[in-house]
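>>> this is a predicted model, with the sequence first.
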Amino acid sequence: MVEPEERPSGAGQRLGAPESLGISTLEPGHRPPSMPPGRQVSIRVQMLDDTQEVFEVSQRAPGKLLFDLICSHLNLIEGDYFGLEYQDHRKMTVWLDLLKPIMKQIRRPKNTILRFVVKFFPPDHTQLLEELTRYLFALQIKHDLACGRLTCNDSSAALLVSHIVQSEIGDFDEVQCRQHLLNNKYIPDQDALMDKITEYHRKHVGQTPAESDYQLLEIGRRLEMYGIRLHPAKDREGTKLSLAVAHTGVLVFQGHTKINAFNWSKVRKLSFKRKRFLIKLRPDLNQSNYQDTLEFMMASRDCCKVFWKICVEYHAFFRLFEEPKPKPKPVLFTRGSSFRFSGRTQRQVIDYVKDSEFKKIPFERKHSKIQSNSGFSPMSSHLSSEMPKEKFGGASLEQTDTLLQRTQVTVENPALQGSLASQPNGHRDRTSDEGAALSRPSPSRQHQQKPEHPNAGPALRAAKDPVTSSPQLGESPSVSRVMVNGQKHSLGPGQSPDARQPSPLTSPLLTEAGFVRMDDEDEVRRKRFPIDKAYFIAKELLTTERTYLKDLEVITVSFQKSVGRDEALPDTLKNIIFANFEPVYKFHDSFLKEVEQRLAQWEGRSNAHIKGDYQRVGDVMLKNIQGVKLLTPHLQRHSEALVELERACRASRRLEGLCRDFEQQKVCYLPLNIFFLRPLHRLLHYKQILERLCKHYPPTHDDFRDSRAALADITEMLDQLQGTLIKMENFQKLLELKKDIVGIDNLAIPGREFIRLGCLSKLSGKGLQQRMFFLFNDVLMYTSRGMTSSNQFKVHGQLPLYGMTIKESEDEWGVPHSFTLSGQRQSVVVAASSASEMEKWIEDIRMAIELADKCNGPSPEALGSSLPDSKSPEESGADQESEDDLSASRTSLERQMPHRANSTVHVCWHRNTSVSMVDFSVAVENQLSGNLLRKFKNSNGWQKLWVVFTNFSLFFYKTHQDDYPLASLPLLGYSITIPSESENIHKEYVFKLHFKSHVYYFRSESEYTFERWMEVIRSATCSASHARALNQKKPHIY
């Protein structure tokens, strides 16, 4: 029996884990509700791993109490995706209503088994933030495959089964794999697909169970029958159909083929009357044969009601922001059903998990033999994979929403990446993986290592050796619990007996549970690694070179794969792009290997016992910069590639669509055209690094001469390319703004130069209204954010700068920080958010007016080829201005938002600030990347992340091998400070980022890296004048 207060057999409790405080349907920090008085009844629940648990509940207990007990028993945080189904007295499968008493729904509890299953299937499995949740979803797919509910073609079925087998028995062994398939039935026609399953399984070497779950969900979510529960029905003509509900709306199937879909946005009302299920649609002016109401006949009224209820719940869960409030009960008469959705919506679940900080608890994989050989963690390391690599057979699978990974790329940290195919030789790259709590053995040693202390508990053995064997299955749960815990109730949440943190099983971007580094480890690291400033400068070269190579791969690998093979891309353009980028990529790939080797020798980690002084990097820089000089013709043609791509996109709608789709992929984490300028930007970074080296070295140092010679070479190159760089940065910015602005035919006209963009309040008859202003060298545009799906900004007015005057008018209008712009045809009064913002706007506008007056119009010099738009802008009646929409909810930009919602323009809109072209130029020079430890305001642990600063944002990765960031933090509006004593940080090299209630702490490894992060982040959070002072930046030539 499982007692409600003290449950000895919970998945987490068997392993000594504390009772979960984060139960799906409860508020943060709350425990399960107290049991109502009354006689206890036993309720049997079948879990997704085919085990049965018995829960004792009161006869008066509502369904929610039982559901919360199950979630607590599983230590499940994202329980809102699940539900309890059972067969009622009419032999109909129904969902347990969480608001009603259990005994009013289940008449004979002794003869009824409730099934804990997935109820709500999200469109994207990456919305599931917990590994345990994804594991349970994988079990659901396994069940659906076995019973024939999830139908697919043979290739997909074999691939799905191969991932299941990989998660259960591990790496491919033909005899073991075939025997396992003979003993276990995963799909109805499994024998015929045996060879294909083994062929796929052979390609999953090194894939962990968590990664296999992830691949299973990635493949499954693309299938048409994924998450579909068919409800038999007939149309008016008596044709047999099936109805189903999904996150998008109501679906109609004939057999297993979807023949129609009614999106939630088109549905006005769902109802039922006796056996008839009714779908009332919104008017569609584009259809002449429009039907207001669609009618389907079902087997009975009860069938209609069951389907109607699940439709109501699906709509509320996926479409509403918060749980609908109950309607007040009528005094006399009732009309219709009082049923409503209870529980959190998906939006609330995601926000809850992101905003809360849980100590992640290991769980048991019942069917996994890897689990029995790797301690209690579902991973073979104490650090677990949360977002595994995306593989499809042996090749990479593109994802349209979140994760895009290279095929067989190296992984430096299994806790964040979860792939044993990390390095080609199975070893970690310690250059970039410093501070990891435990190392991981190579795959060849996985099943050979033995525990040092045979009598030690599994957690202790797992802490010392992540892949040692766990207790046999015959051990009793209580013995296992004692062996793991040491002393019951004596350990903190998620802590092992030797004070180390066990597998956190957590997303690296949501909590602090992973990568807790102890103070003694810090001391060991400081003693082990060099402390010379030149070493950290060289390490900055290494970390930024890794990021640069990844940026080149966006063009040479991802763009070529997605767009380059399409006929819409002209052959001449293919040659310009790839023939000039691939030599640069190959050169820097070899350069990166040289830098990695030199850093390894510098740290004393090289196995090559070669005599010589390797504590220098100037010689490597000099050699390779001389090689970069040979690539100058290729670098000069990169700007031509950008111009020609823009020309081709204007001429071909298909190519424009392909490029737009590519930009929506996560691998393209910045606007596409920025990547075309990365090789020119990299030269600026080399110059900065060499300047710091020359400043650090005394003239007598062995490395000084090489560093100074390399600096002279790179300076010469930049002098040759500076004019091209300035022109192309401006052209790139105009192209980027063009995507955010509608209502103007062609923004990138010859001679136009961007100066500043940002928020100002425009004074009108309705008062002050927020507007986004764009200042160019010939015109000042003001816009408002429209109601389109892409949230573009619609132009409402253009003020030519020629002949314009500007004056401060705070006294005249009584509005703080206001000034008046008087043009030849129109005058407007605007107000800035602060005095400093007003000063920046007035200074830039006056400068632009002076230039316009001198030129008497736009400069005739073309910064790039600007062709007339052949397509009209996407405008509709929905773009009409609405003050309600303009002042709509401004949610936190730290959360992942739709494409382009976190572009610089939108960040300025949300943060009510502005940026200039000078700021953009400074941000280009101040790019930085490397490992940082992050901590939230109310958490204790530090979490290691790979962080890239570029484009006014911090981009967070698990490791430097990842092809795309998992989240980003726009820094405009943030403040950077050093924590005060009252914040109790008590660590060195920590800086604090805060904006309103959002607070983050970041910890660097040395004084040099701390100062560098402070410097580059200040360049994004302070004014342009301060940025120029910090970076000694020459004024931009407008």
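Noted; the coordinates are in hand. Numbering: from 1, shown residues only.
>>> secondary structure element holding Leu799?
If you go by DSSP states H and E, Leu799 is part of strand 793-800.
>>> distance from the chain centre to that strand, please.
34 Å (Cα atoms, centre = their mean, to the nearest Å).
>>> then stretch 986-997?
Worked out by Cα atoms, centre = their mean, stretch 986-997 lies 23 Å from the chain centre.
>>> list the buried ones in that stretch?
For stretch 986-997, burial by neighbour count (16 or more other Cβ atoms under 10 Å) applies to Tyr989, Val990, Phe991, Lys992, Leu993, Phe995. Every C-beta, even on glycine, is put in place using the N, C-alpha and C of the backbone.
>>> now stretch 582-600
Glu582, Val584, Tyr585, Phe587, His588, Phe591, Leu592, Val595, Glu596, Arg598, Leu599, Ala600.
>>> need the CA coordinates for it. CSV is fine.
This file holds the C-alpha atoms of stretch 582-600, laid out as CSV (Å, rounded to 0.1, in the frame of the first residue of the first chain):
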residue,chain,number,x,y,z
GLU,A,582,34.6,27.4,-47.9
PRO,A,583,38.3,28.3,-48.2
VAL,A,584,37.9,30.7,-45.2
TYR,A,585,36.1,28.0,-43.2
LYS,A,586,38.8,25.4,-44.0
PHE,A,587,41.6,27.8,-43.1
HIS,A,588,40.1,28.7,-39.7
ASP,A,589,39.3,25.1,-38.9
SER,A,590,43.0,24.3,-39.1
PHE,A,591,43.8,27.5,-37.2
LEU,A,592,41.5,26.5,-34.4
LYS,A,593,43.2,23.2,-34.1
GLU,A,594,46.5,24.9,-33.8
VAL,A,595,45.2,27.2,-31.1
GLU,A,596,43.7,24.2,-29.2
GLN,A,597,47.0,22.3,-29.4
ARG,A,598,48.9,25.3,-28.2
LEU,A,599,46.6,25.9,-25.2
ALA,A,600,46.9,22.2,-24.3
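>>> what does that stretch contact?
Residues from elsewhere that reach stretch 582-600 (Cβ atoms under 8 Å, 6 or more residues apart in numbering): 429, 431, 538-539, 541-542, 545-546, 548-549, 552-553, 556, 606, 614, 617, 620, 624, 627-628, 631, 634-635, 679.
>>> His796 and Thr783, how far apart?
Distance of His796 to Thr783, given as Cβ to Cβ, to the nearest Å: 6 Å.
>>> these two: who's more crowded?
Legend: neighbour count by other Cβ atoms under 10 Å for His796 and Thr783, higher for Thr783 (24 against 15).
>>> I'd assumed that one was in a strand, is it?
Yes - under DSSP: H, G, I helix; E, B strand; the rest coil, Thr783 falls within a strand.
>>> so what's the residue count around the residue lying closest to it once chain neighbours are set aside?
Closest residue to Thr783 apart from its sequence neighbours, by Cβ to Cβ, 6 or more residues apart in numbering: Phe793 at 3.9 Å. Counted with other Cβ under 10 Å, the neighbours of Phe793 add up to 24.
>>> also Gln59?
For Gln59, using other Cβ under 10 Å, the count is 15.
>>> repeat for Met717
19.
>>> what sits against it?
With contact set as Cβ under 8 Å, 6+ apart, Met717 has these partners: Ile625, Val628, Lys629, Thr632, Leu683.
>>> give the contact list for the residue lying closest to Val924 once chain neighbours are set aside.
Leaving aside its sequence neighbours, Val924 sits nearest to His681 (Cβ to Cβ, 6+ apart; 5.2 Å). The contact partners of His681, by Cβ under 8 Å, 6+ apart, come to Val924, Glu925, Gln927.
>>> show me which of those residues is closest to Arg44.
Gln927 (58.7 Å; Cβ to Cβ).
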